[in-house]
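Participant: Just the structure for this:
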Amino acid sequence: MTSFNIPDDRHYHEAHLWLRATSVAGEYDLGITQFAQKQLGKILFVELPITGTTIVAGEPFGAVESNKVVSDLVSPISGTILVGNDLLKRAVHLVNEDCYGQGWMVRVKVDPAADLAGLLTAEIYASRFARISNPR
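Facilitator: I've put the predicted structure just below:
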């Protein structure tokens, strides 16, 4: 089984996205997990929503194009896009090289009614991930 980094300072979604709280209450950075970027292969382009766009949990809000496939980014929570990571326009390789750092995708102001309890801890994500990456 391949070993993947799953930082414990964030929440995870079963669609292989992560959320990390910023220093501002109710704001989260969002990106794809290392598992997702390894499955996708070399990322060629990231389509992200513009500032002010409302996103809804369970619905696509953007897409990632790789040398293998175009994959929807499915929102783990409802909220409003505060900013997209403009660095990815000229350095999309950061999604592959630093998916938990400079390769983040959007900052979201989470809807106050959003329920983060449905998201996964690093431990639970890792246990589900292990079943995906090492089927029996």
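Participant: When you work out contacts or count neighbours from here on, use the C-alpha atoms and nothing else.
Facilitator: Fine.
Participant: what ranges do the helices span in this protein?
Facilitator: 34-40, 87-90, 94-97, 122-133 (DSSP state H).
Participant: Need the contact partners of the second one.
Facilitator: Yep, that's helix 87-90 we're talking about. For helix 87-90, the surrounding residues in contact (Cα atoms under 8 Å, 6 or more residues apart in numbering) are 45-46, 94-95, 103, 105.
Participant: tell me the mean pLDDT over it?
Facilitator: The pLDDT scores in helix 87-90 average 95.
Participant: Quick check: the gap between the residue nearest to Thr54 when sequence neighbours are not counted and Arg90.
Facilitator: Nearest residue to Thr54, sequence neighbours excluded (Cα to Cα, 6 or more residues apart in numbering): Thr80, at 4.4 Å. Distance, Thr80 to Arg90, by Cα to Cα, to the nearest Å: 24 Å.
Participant: Between these two, which is the more surrounded one?
Facilitator: Thr80 (21 against 9; other Cα atoms under 10 Å).
Participant: Any idea what the residue nearest to Thr54 is bridged to?
Facilitator: For Thr80, the beta-bridge partners under DSSP bridges are Thr54, Lys109.
Participant: Low-confidence bits of the chain, can you list those?
Facilitator: For the chain, the stretches flagged by pLDDT under 70 are 1-3, 130-136.
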